[in-house]
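K.L.:
return a 3D structure for these sequence lines:
(one chain, ligands or ions: 1)
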Amino acid sequence: MERKLIIAANWKMNKGPAETAEFIESFLPGSEELSERCDIIIAPPFVSLPAAASLLADSVVALSAQNVSDQDEGAFTGEVATCMLNEVGVQYVILGHSERRAIYGESDQFINAKVRKALTADLHPIFCIGETLEERESGKLEDVLRTQMSGGLADLTVEHMSDVVVAYEPVWAIGTGVTATPDQAQEAHAFVRTLLEEQFGAEVAGATRIQYGGSVKAGNSAELMAQVDIDGALVGGASLEAGSFRDLIANAVA
Ligand code: PEP
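P.N.:
Numbers count the residues shown, from 1 in each chain. Alright, predicted model coming up:
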């Protein structure tokens, strides 16, 4: 099954509206050619989404939020609802990122509520999973991934899954400069695909795009993307500068 690459920039808590505009103006030239072989997504902080949306309006680059509420509206201080993201023109939302899990205590059940809420609002979840170093070293990798997948994607249908992107991000590789080797990443991705098959059947397993995340950069994107079960990347640090993000994508599609 042919799966188009999908590479997303997760800016985390970086770049207000002015820096966002500066990045996009510098990144857009040349992006059309890259987008023939790779879907490209940028995920700025909430306050920068309107500026990004207007600059990306006629472009090939899609817009993502980094989080969304599991509630529709009301007394939820500090939260942002799916309808607000719709109004701004957001198409994707990153959910279950390890920083949300570890720093803000988001559980599989809570993440699942957000995934389901996003899907009802026609937002595509980029659903993140991944193990800590301690979990990997104590032989718990498969158990952790199985629990995160079954919990986070609970009650989803086969139809829902055509809107979901999975991001496998080993926690020990995020922001550390330590990347999983292509073999390590491929092995985990193949396992995630078997979990998709168990949960949703062979067709969904074959069609779902699984991104790798964890210190992806221009220097390693080609060998990671060459792995049969790696269909893209979720990129933090190397996505903050337009030139390095462009090189990372160009090497991935070469
Ligand atoms: C991430 O935050 O999802 C990530 C993979 O970060 P980095 O590329 O900096 O490791």
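K.L.:
did I read that right, Leu63 in a strand?
P.N.:
Yes - Leu63 forms part of a strand when assessed by DSSP: H, G, I helix; E, B strand; the rest coil.
K.L.:
tilt between whichever strand or helix holds Ala118 and strand 61-65?
P.N.:
For Ala118, the element it lies in under DSSP states H and E is helix 108-120. Angle, helix 108-120 to strand 61-65, by axes from the mean of the first three to the mean of the last three CA atoms, to 10 degrees: 140 degrees.
K.L.:
output the helix or strand that helix 108-120 is followed by as PDB, restricted to C-alpha atoms.
P.N.:
Tracing the chain C-terminally past helix 108-120 and defining elements by DSSP H and E, one meets strand 124-129 next. What follows is the C-alpha trace of strand 124-129 in PDB, where atoms were taken according to Å, rounded to 0.1, in the frame of the first residue of the first chain:
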ATOM      1  CA  HIS A 124      -7.300  15.100  11.900                       C
ATOM      2  CA  PRO A 125      -5.600  13.900  15.100                       C
ATOM      3  CA  ILE A 126      -1.900  13.400  15.100                       C
ATOM      4  CA  PHE A 127      -2.000  10.800  17.800                       C
ATOM      5  CA  CYS A 128       1.300  10.400  19.700                       C
ATOM      6  CA  ILE A 129       2.600   7.400  21.500                       C
END
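K.L.:
report the buried residues of the helix holding Ala118.
P.N.:
For helix 108-120, the buried set under the neighbour-count rule, 16 or more other CB atoms under 10 Å, comprises 108, 110-119. Using the backbone N, CA and C atoms, a C-beta is placed for each residue, glycine as well.
K.L.:
then stretch 30-50?
P.N.:
Along stretch 30-50, these residues count as buried under the neighbour rule (16+ other CB under 10 Å): 31, 34-35, 38-45, 48-50.
K.L.:
so is that stretch next to the ligand?
P.N.:
No - no part of stretch 30-50 sits near the ligand under the criterion CB under 6 Å from any ligand atom; the closest distance found is 9.3 Å.
K.L.:
dump the residue contacts of the closest residue to the ligand within the stretch 1-150 of the chain.
P.N.:
Checking the stretch 1-150 of the chain residue by residue against the ligand with CB to the nearest ligand atom singles out Asn10 as nearest, at 4.6 Å. Listed by CB atoms under 8 Å, 6 or more residues apart in numbering, the contact set of Asn10 reads 43, 66, 94, 97, 213, 234-236, 239.
K.L.:
picking up where we left off before, now render the buried residues of helix 108-120 as TSV, adding distance to the ligand and pLDDT.
P.N.:
TSV is the format used below for the buried residues of helix 108-120 (distance: CB to the nearest ligand atom, whole Å; pLDDT from 0 to 100):
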residue	distance to the ligand	pLDDT
Asp108	18	98
Phe110	19	98
Ile111	15	98
Asn112	20	98
Ala113	21	98
Lys114	17	98
Val115	17	98
Arg116	22	98
Lys117	21	98
Ala118	17	98
Leu119	21	98
